[in-house]
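**Student:** got a structure for you, letters missing:
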């Protein structure tokens, strides 16, 4: 099927320094995203168009849904489960306290309801990042290491997914076993200099991979053989993350960043830092919430 999309629409002039962590929450009819550097969670109800901004006390890389108003926040050095109605902390796990210059970056829930996320050097210079999985029993697994800038992940199924090192410009295809010990990892795709860097990603119902280009002003779509089958040019330079949601799960919500955009470039890319949307003729995979076995939060 030939992929088609509408012209990009700005749905929030958020002026995000580093927008990330797009999340569609059907329960709330809302799309969420974060601004890592401004330490903000931004929530837009797509039915009422009501906007809400929540401040947090640390840099925040992502937000993931658990149930009702309970969410997981990927903070600088902490995984924190909170009730967003009252901001009460229900659970907390410290991450890499021995690496004070590291922070959590991107994170998503896989089809089994487990949380995957990566860490990175906040100065983007050291290869000190790792890939983690928080399983359904709240046990943390370090699955992979030696990343500069972790991004993605995007899941084909519970055992196979894509993950990125943005600084290396590489998208990996990874297969894991049940115990998170043996992984098969290969290069799925490597960007060239003119493409920018691969950033956040998502997968549609046909298992095509939608990849955001940081410094590349577009989203590219690749099939299972890494053939580019579609691209969407956007009025922003740094495209950071995307997810499907909205009506029939055919709307793609896109975060962007002002970070690194020079003043004279804003005329060419006027919506840098804004939150965008396109409508497509393909469906995305449904949002999965974190599934915890045992005593609920």
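**Tutor:** Thanks, I have it. Keep in mind that this is a model prediction, so the values were computed, not measured. Numbering: from 1, shown residues only.
**Student:** hey, let's count contacts and neighbours off CA atoms from now on
**Tutor:** Noted.
**Student:** which residues does residue 72 bridge with?
**Tutor:** Per DSSP bridges, the residues bridged to residue 72 are residue 64, residue 81.
**Student:** give me the distance from stretch 198-215 to the chain's centre.
**Tutor:** 10 Å (CA atoms, centre = their mean, to the nearest Å).
**Student:** what sits up against it?
**Tutor:** For stretch 198-215, contacts defined as CA atoms under 8 Å, 6 or more residues apart in numbering pick out 20, 106, 151-156, 164-166, 169-171, 191, 195-197, 218-224, 237-244, 282-285.
**Student:** now that we have these, which of them are buried?
**Tutor:** The neighbour count (16 or more other CA atoms under 10 Å) marks 20, 106, 151-156, 164-166, 169-171, 195-197, 218-222, 237-244, 282-285 as buried among the contacts of stretch 198-215.
**Student:** mind listing which of these are in strands?
**Tutor:** Secondary structure from DSSP state E places 20, 106, 151-155, 164-165, 170-171, 197, 218-222, 238-244 of the buried ones among the contacts of stretch 198-215 in strands.
**Student:** now do the end-to-end distance for stretch 83-97.
**Tutor:** Terminal residues of stretch 83-97 lie 24 Å apart, using CA to CA, to the nearest Å.
**Student:** now that stretch: buried residues?
**Tutor:** For stretch 83-97, the neighbour count (16+ other CA under 10 Å) marks 83, 95-96 as buried.
**Student:** any chance of these in CSV, plus distance to residue 264?
**Tutor:** Below are the buried residues of stretch 83-97 laid out as CSV (distance: CA to CA, whole Å):
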residue, distance to residue 264
83, 42
95, 39
96, 38
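**Student:** let me know the closest of those residues to residue 293.
**Tutor:** residue 83 (18.5 Å; CA to CA).
**Student:** and the pLDDT at the closest residue to that closest one other than its chain neighbours?
**Tutor:** Distance criterion CA to CA, 6 or more residues apart in numbering; nearest residue to residue 83, sequence neighbours excluded, is residue 70 at 4.4 Å. Among the per-residue scores, residue 70 shows a pLDDT of 97.
**Student:** likewise for residue 297?
**Tutor:** Residue 297 is given a pLDDT of 75.
**Student:** just residue 181 next, same as before
**Tutor:** 77.
**Student:** contacts only, for it.
**Tutor:** residue 143.
**Student:** got the phi/psi numbers for it?
**Tutor:** phi -90, psi -60 (degrees, to the nearest 10).
**Student:** repeat for residue 68
**Tutor:** Main-chain dihedrals, residue 68, degrees, to the nearest 10: phi 50, psi -120.
**Student:** out of everything not next to it in sequence, what's closest to it?
**Tutor:** Nearest non-adjacent residue to residue 68, counting by CA to CA, 6+ apart: residue 27, 7.0 Å away.
**Student:** which SS class is the one you found?
**Tutor:** Following DSSP: H, G, I helix; E, B strand; the rest coil, we place residue 27 in the helix state.
**Student:** what's the span of stretch 211-221, first residue to last?
**Tutor:** End-to-end for stretch 211-221, by CA to CA: 6 Å.
**Student:** got a list of what residue 135 touches?
**Tutor:** 113-115, 141 are the contacts of residue 135 under CA under 8 Å, 6+ apart.
**Student:** mind running it again at 6 Å?
**Tutor:** Applying CA atoms under 6 Å, 6 or more residues apart in numbering, we find residue 135 in contact with residue 114.
**Student:** please apply the same query to residue 166.
**Tutor:** 149, 197-199.
**Student:** any idea which of those residues is closest to residue 14?
**Tutor:** Nearest to residue 14 among these, counting by CA to CA, is residue 199 at 19.2 Å.
**Student:** what about the closest one, how many neighbours?
**Tutor:** Residues lying near residue 199 (other CA atoms under 10 Å) number 31.
**Student:** measure it to residue 149 for me?
**Tutor:** Per CA to CA, residue 199 is found 9 Å from residue 149.
**Student:** before we move on, what about residue 74?
**Tutor:** Counting by CA to CA, the separation of residue 74 from residue 149 is 15 Å.
**Student:** just residue 216 next, same as before
**Tutor:** Residue 216 sits 17 Å away from residue 149 when distances are taken as CA to CA.
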